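Trainee: this one's sequence-less:
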């Protein structure tokens, strides 16, 4: 699950900006690594004056992005480089092109330390994960067989 926290100056993004940026970031994960949409969680924090400091100086033109990856890891250095360029291009119209200074970093949590509705995420690219993506929700399953424990309408 990607979990994004985006710290911005007050009023930097309209509600429409937040919705559009969230959709754009979700699309990256769906298109590039086939994640279910509901895996992507984005939280916006608006910072009042004198709440964001860089180098000990208050900032009113700075955006900080903190991202935690869980469902997929960026193990390959070339993939990391590609991913960073894709994320930077996705963020650019909302941040760079509006003249904000910004910084981003990614942490990666081991997948076995993650649960959704008390369920371990299914193996990447498995039929069960594709079912979760199709249904856009976690579906209880048998951990040995990876078969759903509830009837699914076709």
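Mentor: Yes, it's here. All of these numbers come straight from a predicted model, not from anything done at the bench. Numbers count the residues shown, from 1 in each chain.
Trainee: Low-confidence ranges, this structure, go.
Mentor: The chain contains residues with pLDDT under 70 at 154.
Trainee: Next up, phi/psi of residue 8, please.
Mentor: Backbone geometry at residue 8, expressed as degrees, to the nearest 10, gives phi -130, psi 160.
Trainee: Could you find the closest non-adjacent residue to it?
Mentor: residue 63 (5.1 Å; Cβ to Cβ, 6 or more residues apart in numbering). Yep, even glycine has a C-beta here, placed from its N, CA and C like the rest.
Trainee: any idea which helix or strand comes after the host helix or strand of that neighbour?
Mentor: For residue 63, the host element (DSSP states H and E) is strand 62-69. Per DSSP H and E, strand 62-69 leads on to helix 77-91 as the next helix or strand towards the C-terminus.
Trainee: Other residues contacting that following helix?
Mentor: 21, 24-25, 28, 32, 65, 74, 96, 102, 104 (Cβ atoms under 8 Å, 6 or more residues apart in numbering).
Trainee: how does it look with 10 Å?
Mentor: 4, 6, 21, 24-25, 27-28, 31-33, 63, 65, 67, 69, 72-74, 76, 95-97, 100, 102, 104, 106 (Cβ atoms under 10 Å, 6 or more residues apart in numbering).
Trainee: Any quick PyMOL command for the buried ones out of these?
Mentor: Those of the contacts of helix 77-91 that count as buried under 16 or more other Cβ atoms under 10 Å are selected in PyMOL with:
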select buried, resi 4+6+21+25+28+33+63+65+67+69+72+74+95+100+102+104+106
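Trainee: Could I get the full set of helices for the protein?
Mentor: For the chain, helices defined by DSSP state H occupy the ranges 15-33, 77-91, 127-135.
Trainee: The shortest one to helix 15-33, inter-axis angle?
Mentor: Orientation check (axes from the mean of the first three to the mean of the last three Cα atoms, to 10 degrees): helix 127-135 against helix 15-33 gives 150 degrees.
Trainee: mind listing what's buried in helix 127-135?
Mentor: 128-129, 131-133.
Trainee: State the pair within the residues you listed that is farthest apart.
Mentor: For the buried residues of helix 127-135, the farthest-apart pair by Cβ to Cβ is 128 and 133; their separation is 9.8 Å.
Trainee: so what sits against both of these two?
Mentor: In contact with both residue 128 and residue 133: residue 122, using Cβ under 10 Å, 6+ apart.
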